[in-house]
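Visitor: mind folding the following:
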Amino acid sequence: MANSIEGSVEKIGESGKLITNIAIDQVADLPPDDSVTVTFGGHETHGVHPTEHEQPMGTLVASRGESGFLEIEIVGISIAEMLGIKVGEAVIVQT
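Guide: A predicted model of the protein is given here:
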């Protein structure tokens, strides 16, 4: 049976990243592969990457952010503007 962590978008970062209220210690041991799904606003990405990742431009990525919380971004693009995601949007991490 899958485990899940539920949270929401707490704020939008300066570069348009979504900063959630899911603390990085809750996702610290999750791998950056297809065994983990992060779902939000009708979109999903797989894996939880380290803060410093080398995903290519335009890739949808969930990472353990410098903010101390799970962050979601499209590398090099404002995800908030691109997808219209707002503060309060539900975020679910499933393993």
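Visitor: where do the helices of the protein begin and end?
Guide: In the chain, the segments counted as helices under DSSP state H are 24-27, 79-83.
Visitor: please save the CA atoms from the shortest one in CSV.
Guide: Just to be clear, that refers to helix 24-27. Output of helix 24-27 as CSV, limited to C-alpha atoms (Å, rounded to 0.1, in the frame of the first residue of the first chain):
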residue,chain,number,x,y,z
ILE,A,24,12.5,18.5,3.9
ASP,A,25,13.0,16.1,6.8
GLN,A,26,9.7,14.5,5.7
VAL,A,27,11.1,13.7,2.3
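Visitor: okay, buried residues for that helix please.
Guide: Within helix 24-27, the residues scored as buried using 16 or more other C-beta atoms under 10 Å are 24, 26-27. For the C-beta atoms, the positions are set from N, CA and C on the backbone; glycine is no exception.
Visitor: please enumerate residues in contact with that helix?
Guide: Residues from elsewhere that reach helix 24-27, judged by C-beta atoms under 8 Å, 6 or more residues apart in numbering: 5, 48, 64-65, 68-70, 93.
Visitor: including neighbour count, pLDDT and distance to residue 40, could those residues go into CSV?
Guide: Formatted as CSV, the contacts of helix 24-27 follow (neighbours: other C-beta atoms under 10 Å; pLDDT from 0 to 100; distance: C-beta to C-beta, whole Å):
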residue, neighbour count, pLDDT, distance to residue 40
5, 17, 96, 12
48, 27, 94, 13
64, 23, 94, 16
65, 20, 90, 14
68, 11, 95, 19
69, 20, 97, 13
70, 26, 97, 10
93, 22, 97, 10
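Visitor: nearest to residue 34, of these?
Guide: residue 48 (11.8 Å; C-beta to C-beta).
Visitor: please give me every residue in contact with the closest one.
Guide: 27, 30-32, 36, 38, 62-64, 70, 93.
Visitor: if we go to 10 Å?
Guide: Applying C-beta atoms under 10 Å, 6 or more residues apart in numbering, we find residue 48 in contact with 22, 24, 26-33, 36, 38, 61-64, 70-72, 93, 95.
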